[in-house]
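Peer 1: test case, fold it:
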Amino acid sequence: MKLAYIFTAFPVRSQSFGVSELKSLDKVGCRVDIYRQEDKWPVEGFGIEGLSLQKIRLGEKLRSLFSPLFILMMLFSLKYSKKPVELIRAIILIPSSLAIARRIVSEEYDVIHLFWAHYPSLVAYAIKNLKKGETKFTTFCGAYDMTSEYGLSRWSTSNANAVITHCNASRDYLQEKWGVKSEVFYRGVNLPGNNARTVPKSKSRKVIVASRLIEPKRVDLAIDFFVNLKKVWKDAELNIYGDGPLRKDLEIYASKQGHAGDINFFGYISQDKLIGKFMESSVIILASESKSERLPNVIKEAMMVGCIPISSRSEGISELIADGEDGFIVDADLFRFPDVAKRVAQAIDEKEGEIRTRSRNKIVFLFNNELIAKRKVRLWKEVCNESA
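Peer 2: Reported below is the predicted structural model:
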């Protein structure tokens, strides 16, 4: 099956799941050409070797400025943009979107898939105006699309041959709020080749945070939880991987907690190296309060190698973590309570091996990227058959 995948930006550090998804499709025999509306992003260090990343030339973009469709796409953007910033960005992306659409029309793809429902919709709209007959396209609709209520996301989900979302809570939202029927395909992870090494056997008390250092991720709450864990696990250390504008403030905050040398900041590391850090760790903490948080992939990657998750409560999180069985869900306003951390630490001490095994098994059976890719291929074949 030959697919065109449309991204706004690719690859992006905070969206490593995109690379994983593409690799899993390649593994099940799909040929995927990757198009991105913004090509300013570097590709080194993301492990995308072997993937078919298409380059849109400057001349192709300039040609778009003189196309009658350019004006039509500006009007389309104006109609579906609620905020000036959305309209401005959409207009900036029109030349590359139109160039991508022309390139796709000249090829023979079975299906065009929008990795996000918002700005990639510009490409789908352009294709529909360039190509005679029905254009088969599917779209993913994520938490950002829903929380931002962006008009382009509404257009793509209403006009797509099939809509994919990443959890049951999102499926229900789309049905109830937008009147859109969607299929749930979890964002999965690629399982390591050597499964024998995936469940740590040591009693290491390394605690890990892997996150962008921005306000909605509430890394300060994760630090507070760790400080309370230290009251039970005397030898514990916290290792924080990730970068962002709050790094210096968080380093100062951590230094004031009275545990110098036990809280360490390492900055961004590659996904492969991060998996190795998960394997060395007992627990991962995610205290995010982001409204767009849905079944975070960083938690799945940790669970995959037996690192026990402690996560804040977010939409759909119970689909990923069964509280007390394969991880722990803590309300954000309870992260600073010593008794909560003590209860979690004691539960882990009592049945650590069972929790790790359940945690990993859930990922293997429900969030295995290769199995998810095979399901997607079946969906796309149905789309092709319906349109034939």
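Peer 1: all strands of the stretch 51-200 of the chain, in order?
Peer 2: Remark: strands assigned in the stretch 51-200 of the chain by DSSP state E, counting those that start in this stretch are 52-53, 111-114, 137-140, 162-165, 183-184.
Peer 1: save those as JSON lines, and put in mean neighbour count, distance to residue 123 and mean pLDDT too.
Peer 2: Backbone N, C-alpha and C define where each C-beta goes, glycine included. JSON lines is the format used below for those (neighbours: other C-beta atoms under 10 Å; distance: least, C-beta to C-beta, whole Å; pLDDT from 0 to 100):
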{"stretch": "strand 52-53", "mean neighbour count": "16", "distance to residue 123": "16", "mean pLDDT": "90"}
{"stretch": "strand 111-114", "mean neighbour count": "26", "distance to residue 123": "7", "mean pLDDT": "96"}
{"stretch": "strand 137-140", "mean neighbour count": "24", "distance to residue 123": "9", "mean pLDDT": "96"}
{"stretch": "strand 162-165", "mean neighbour count": "23", "distance to residue 123": "16", "mean pLDDT": "96"}
{"stretch": "strand 183-184", "mean neighbour count": "14", "distance to residue 123": "21", "mean pLDDT": "96"}
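Peer 1: in CSV: the ones you listed, plus distance to residue 316.
Peer 2: Shown next, in CSV, are these (distance: least, C-beta to C-beta, whole Å):
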stretch, distance to residue 316
strand 52-53, 31
strand 111-114, 21
strand 137-140, 15
strand 162-165, 10
strand 183-184, 10
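Peer 1: where's the nearest residue to residue 229 once chain neighbours are set aside, which helix or strand?
Peer 2: Distances taken as C-beta to C-beta, 6 or more residues apart in numbering place residue 341 nearest to residue 229, at 4.9 Å, with adjacent residues excluded. Secondary structure from DSSP states H and E places residue 341 in helix 338-366.
Peer 1: how about the helix or strand following that helix: buried residues?
Peer 2: The helix or strand immediately downstream of helix 338-366 is helix 369-387, counting by DSSP H and E. Under the neighbour-count criterion of 16 or more other C-beta atoms under 10 Å, helix 369-387 has 369, 371, 372, 373, 376, 377, 379, 380, 383 buried.
Peer 1: which strands and helices sit next to helix 369-387?
Peer 2: Helix 369-387 is packed against helix 16-27, strand 111-114, strand 137-140, strand 162-165, with contacts defined by 3 or more C-beta pairs under 8 Å, 6 or more residues apart in numbering; DSSP states H and E.
Peer 1: now the angle between helix 369-387 and the first one, please.
Peer 2: To tie it back to what came earlier, the one meant is helix 16-27. If you take axes from the mean of the first three to the mean of the last three C-alpha atoms, to 10 degrees, helix 16-27 sits at 70 degrees to helix 369-387.
Peer 1: can you name the next helix or strand after helix 16-27?
Peer 2: That would be, after helix 16-27 and using DSSP H and E, strand 31-38.
Peer 1: in its sheet, which strands sit next to that following strand, and in what direction?
Peer 2: strand 2-9 (parallel), strand 52-53 (parallel) (DSSP bridges).
Peer 1: between those, which gets nearest to residue 110?
Peer 2: strand 2-9 (5.2 Å; C-beta to C-beta).
Peer 1: how far off centre is the closest one?
Peer 2: 15 Å (C-alpha atoms, centre = their mean, to the nearest Å).
Peer 1: check stretch 300-315 too.
Peer 2: On C-alpha atoms, centre = their mean, the centre of stretch 300-315 falls 14 Å from that of its chain.
Peer 1: quick one: end-to-end length of that stretch, please.
Peer 2: Stretch 300-315 has an end-to-end distance of 15 Å (C-alpha to C-alpha, to the nearest Å).
Peer 1: with stretch 250-266 instead?
Peer 2: Start-to-end, stretch 250-266 (C-alpha to C-alpha) is 12 Å.
Peer 1: alright, calling it a day.
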